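Enquirer: sequence and predicted structure below; questions after.
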Amino acid sequence: MQKIGECSGQVWGYLSTEGPATITKLTKEIGEKKDLVLQAVGWLARENKLYFFEKGRNKLIGLIDHVPPHE
């Protein structure tokens, strides 16, 4: 559980500085296994920290408190 919490912090930090991203991008940039990143995203989603949207064929994740006005 601690590892998921740490990864959640990494996901939050990445999205906070870089903006919305796909799961693939998060996994690559954070350097953790995809399963762990998915668990971290689930953790943050359950805390209502994330929003999900589609842009073209991509599914992206962003921080709720960083929603751009055009999303």
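Expert: That came in fine, so what should we check first?
Enquirer: residue boundaries of the strands in the chain?
Expert: Taking DSSP state E, the strands of the chain run over residues 50-55, 58-63.
Enquirer: of the ones you listed, which is nearest residue 33?
Expert: strand 58-63 (17.0 Å; Cβ to Cβ). The C-beta positions use only the backbone N, C-alpha and C, and glycine is treated the same way.
Enquirer: so what touches that closest one?
Expert: 12, 15-16, 19-23, 26, 41, 49-54, 68, 71 (Cβ atoms under 8 Å, 6 or more residues apart in numbering).
Enquirer: same check, this time on stretch 25-43
Expert: 3-5, 7-8, 10-11, 14-15, 18, 21, 23, 50, 61.
Enquirer: distance between the ends of it?
Expert: 18 Å (Cα to Cα, to the nearest Å).
Enquirer: adding distance to residue 31, neighbour count and pLDDT, write the contacts of stretch 25-43 out as TSV.
Expert: As requested, these are exported to TSV (distance: Cβ to Cβ, whole Å; neighbours: other Cβ atoms under 10 Å; pLDDT from 0 to 100):
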residue	distance to residue 31	neighbour count	pLDDT
3	13	12	95
4	15	16	96
5	17	11	95
7	10	22	97
8	15	20	97
10	9	17	97
11	12	28	98
14	11	17	97
15	15	21	96
18	14	11	95
21	14	19	97
23	14	16	97
50	20	19	97
61	17	20	97
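Enquirer: at which residues are the helices of the chain located?
Expert: Per DSSP state H, the chain carries helices over the ranges 2-18, 23-30, 34-46.
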